[in-house]
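Asker: Need coordinates for the below:
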Amino acid sequence: MAQEILCEVNNCTFWNSGNRCGAEKIYVVSQKGQHASNSEETDCKTFNPETH
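Answerer: Now for the predicted structure:
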């Protein structure tokens, strides 16, 4: 299991300096059903936008 999750989406509430994800767990889904062919066909459902 991954010990370190890196993420560049710095407007997410889980984003930490060094592009570290601070979420306790993450949920990634395929945009096109069960099978993704590349990373562009996936989405992080853990994303939570910052509110200002």
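Asker: make it CA atoms for all contacts and neighbour counts henceforth
Answerer: Fine.
Asker: How about the contacts made by the spatially most central residue of the chain?
Answerer: For the chain, the residue nearest the mean C-alpha position is Cys44 (4.0 Å; CA atoms, centre = their mean). By CA atoms under 8 Å, 6 or more residues apart in numbering, the contact set of Cys44 is 26-29.
Asker: again with Ile26
Answerer: 44-46.
Asker: Using CSV, lay out those residues together with pLDDT.
Answerer: CSV is the format used below for those (pLDDT from 0 to 100):
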residue, pLDDT
Cys44, 96
Lys45, 96
Thr46, 97
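Asker: Closest one of those to His35?
Answerer: Distance to His35 across the contacts of Ile26 (CA to CA) is lowest for Cys44, with 15.1 Å.
Asker: What does the pLDDT read for Ala2?
Answerer: Ala2 is assigned a predicted lDDT (pLDDT) of 66.
Asker: one step back: out of the contacts of Ile26, who's nearest Asn16?
Answerer: Once CA to CA is applied, the member of the contacts of Ile26 that ends up nearest Asn16 is Thr46, at 14.3 Å.
Asker: The chain: strands as residue ranges?
Answerer: 15-16, 20-21, 28-30, 42-44 (DSSP state E).
Asker: Out of the contacts of Cys44, which two sit at the greatest distance?
Answerer: Ile26 and Val29 (10.1 Å).
Asker: and the contacts of Cys44, which are buried?
Answerer: Of the members of the contacts of Cys44, none is counted as buried by neighbours, 16 or more other CA atoms under 10 Å.
Asker: Among the residues you listed, which one lies nearest to Asn11?
Answerer: Ile26 (16.1 Å).
Asker: Looks like Glu4 contacts Gly22 (just checking).
Answerer: No. Using CA atoms under 8 Å, Glu4 is not in contact with Gly22; the gap is 9.4 Å.
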